[in-house]
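Student: sequence and computational prediction follow.
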Amino acid sequence: MLTASLFFHKACRWAKVRWKKVSSQMAFRLAAAAAVLTVFAFVLPGAGAEISSDEAEVRQRQEQAYQVAGELLETNVQKKTEIKEQMDIQAEAAKSAFLEREQESGHGPHTAIERRLEEGEEEPETEQVSTMAISEQDYQVLLKIVEAEAGICDEKGRILVANVILNRVKSGQFPDTVTGVVYQPSQFSPVSTGAIDRVQVTEKTKESVDRALAGEDYSQGALFFMNRSKSRRHAVTWFDSRLTYLFEHGGHEFFR
């Protein structure tokens, strides 16, 4: 600021002394230049301080925005965790309720085939006991999920659904019991909606499940199936992007 002021006074003095030797226009320009420098000396420091103040305010607002975003993200994660925990609790409660009903009905831990033999039924010629022996509890669960998922399908369609359940049991990637597979959270919509407990198992479904347990398998190792027209968009996208499509039968598409 001092330099600009001195320059202004010297310029004015020089212009006054040299007024006769230079044009009035040139003298005026010199004086104006000195004035501009003087104004800059006074104004710019204040402007710089104002800019610095604005930058500090912007940074403070950015930090506040980051903090709010972090809190929202943490809240969202907590909500998702709570929802998952609630779903797990509901699935476990449904499983426990089913087990209690089975115990009250007097069904023991015999295999389905053993039960039918004890009741005096002849062992079907095509049924191989060693192929897939499951508990009575698992047999009842398998009947219900096949009825709920494929009750309107033909026998092959019902066998295919049973095949997928049994493939999961044997895969090592899912629970090792039918009940564990069926009631695993977020896997089968009839479990989520409660439809599995409202179905009336037909003889056609029983025959189809028995054939699947006897070793009749059309699944090509499928571990998943879906009805595209009745599935949610994000579920369809997940199937198409993550799994290997195998074939379609009776409105169900099968994947592994």
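Tutor: Nice, I can see it.

Student: and the spatially closest residue to Gly250 that is not a sequence neighbour, backbone torsions?
Tutor: Setting aside the residues directly before and after it, Gly250 is nearest to Gly157 in space (CB to CB, 6 or more residues apart in numbering), at 3.6 Å. Just so you know, the C-beta spots here come from the backbone N, C-alpha and C atoms, and that holds for glycine as well. The phi/psi pair for Gly157 (degrees, to the nearest 10) reads phi -60, psi -40.

Student: need the contact list for Gly157.
Tutor: Applying CB atoms under 8 Å, 6 or more residues apart in numbering to Gly157 gives the contacts Ala150, His249, Gly250, Gly251, His252.

Student: which parts of the protein are strands?
Tutor: For the chain, applying DSSP state E gives strands covering 224-226, 245-249, 252-255.

Student: sorry, back to before: check the gap between the residue nearest to Gly250 and Thr177 for me.
Tutor: Computed with CB to CB, to the nearest Å, the distance linking Gly157 and Thr177 is 24 Å.

Student: same check, this time on Leu223
Tutor: In this view, Leu223 and Thr177 are 16 Å apart by CB to CB.

Student: same question, Glu147
Tutor: Using CB to CB, Glu147 is found at 19 Å from Thr177.

Student: neighbour count for these two, which is higher?
Tutor: Legend: neighbour count by other CB atoms under 10 Å for Glu147 and Thr177, higher for Glu147 (24 against 15).

Student: what's the domain layout of this protein?
Tutor: Listed domain ranges for the chain are 2-83, 107-255 (source: automatic domain parsing).

Student: of the ones you listed, which shows the lowest average pLDDT?
Tutor: The stretch with the lowest average pLDDT out of the domains of the chain is domain 2-83, scoring a mean of 59.

Student: where along this protein do the helices fall?
Tutor: Secondary structure of the chain (DSSP state H): helices at 2-17, 24-104, 112-118, 136-150, 155-171, 178-182, 189-193, 203-213, 233-242.

Student: quick one: residues contacting Pro175.
Tutor: Per CB under 8 Å, 6+ apart, neighbours of Pro175: Arg168, Val169, Val181, Gln184.

Student: hang on, Ala212 packs against Ala162?
Tutor: Yes. Counting by CB atoms under 8 Å, Ala212 touches Ala162, with 3.6 Å between them.

Student: can you pull the contacts of Glu207?
Tutor: By CB under 8 Å, 6+ apart, Glu207 lies in contact with Glu155.

Student: now do Val146
Tutor: Counting by CB under 8 Å, 6+ apart, Val146 makes contact with Arg158, Val161, Ala162, Ile165, Thr205, Ser208, Val209.

Student: can you check Ala162 too?
Tutor: Ala162 makes contacts with Leu142, Val146, Ser208, Val209, Ala212, Leu213, as judged by CB under 8 Å, 6+ apart.

Student: change it to 6 Å
Tutor: Ala162 makes contact with Val146, Val209, Ala212 under the criterion CB atoms under 6 Å, 6 or more residues apart in numbering.

Student: and for Tyr218?
Tutor: Going by CB under 6 Å, 6+ apart, Tyr218 touches Leu160.

Student: give me the phi and psi for it.
Tutor: With angles defined as degrees, to the nearest 10, Tyr218 shows backbone torsions of phi -110, psi 10.

Student: Glu149 versus that one, what's the distance?
Tutor: Per CB to CB, Tyr218 is found 15 Å from Glu149.

Student: so which of the contacts of Val146 wins on neighbours?
Tutor: Val161 leads the contacts of Val146 on contacts (other CB under 10 Å) with 29 neighbours.

Student: apart from its chain neighbours, what residue comes closest to that residue?
Tutor: Sequence neighbours aside, Ala150 is the residue nearest to Val161 in space, at 4.4 Å (criterion: CB to CB, 6+ apart).
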